[in-house]
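Trainee: pasting the structure only:
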C-alpha cells in the first residue's frame, strides 16, 4: 500500500511495460489516494512485463517494492535483465538475493496470484483501476482522474467522507 492511511483506496492492476500504466501512475502521484498495486503482466503484448513484475517483487522481499516500482515506470523501455540488475544495484539491494528471489517459486507465485485474482475479478487489460467497486479499464482519461480527485477531496463541511 502507498499513500495516506485514511485516504480512499484505489486498486491498480497494471504491468510495468504498459505505457498507459506509466501515465496512470504519474497521474495518481498527485492525488491523495491510497494505492494497492496488483500485477497484471500481459505477456502477449508486453514480453518484459513478467520479468519486471518478478524484479519488483524480488525488490519487495528486501523492502524496496515501491522504489523498484517507481524505477521501472520511470523507464519502461529498458526492462531487459541488465537494466533490472542496474536498478537493483542503484537501490542498494543484495544482488545475489535479488536474483535468487526473482527466480523463486514464491515470487513467481505472488505475481501469478495477482494475475489470477484479477482475471476472476473481470480484469482484461492494463491498466484497470478498481474504485469503490467499479472497474475502469484502459488508458486513464480525465473522467477517471476527476473521479479520483473528487473522492480524495474532503467534504466541504469537514465531516469524514
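Mentor: Thanks, I have it. Not measured: the values here are computed from a predicted model.

Trainee: Could you pick out the longest helix of this structure?
Mentor: helix 105-120 (DSSP state H).

Trainee: That helix - contacts with which helices or strands?
Mentor: With contacts taken as 3 or more C-beta pairs under 8 Å, 6 or more residues apart in numbering; DSSP states H and E, helix 105-120 sits against strand 34-39, helix 49-60. Just so you know, the C-beta spots here come from the backbone N, C-alpha and C atoms, and that holds for glycine as well.

Trainee: can we see that at 10 Å?
Mentor: For helix 105-120, the packing partners by 3 or more C-beta pairs under 10 Å, 6 or more residues apart in numbering; DSSP states H and E come out as strand 9-14, strand 34-39, helix 49-60, helix 95-102.

Trainee: just the angle between the longest one and strand 9-14, please?
Mentor: Spelled out, that is helix 49-60. Angle of helix 49-60 versus strand 9-14, following axes from the mean of the first three to the mean of the last three C-alpha atoms, to 10 degrees, is 130 degrees.

Trainee: Check the offset of helix 49-60 from the chain's centre.
Mentor: Put simply, helix 49-60 sits 11 Å off its chain's centre (C-alpha atoms, centre = their mean, to the nearest Å).
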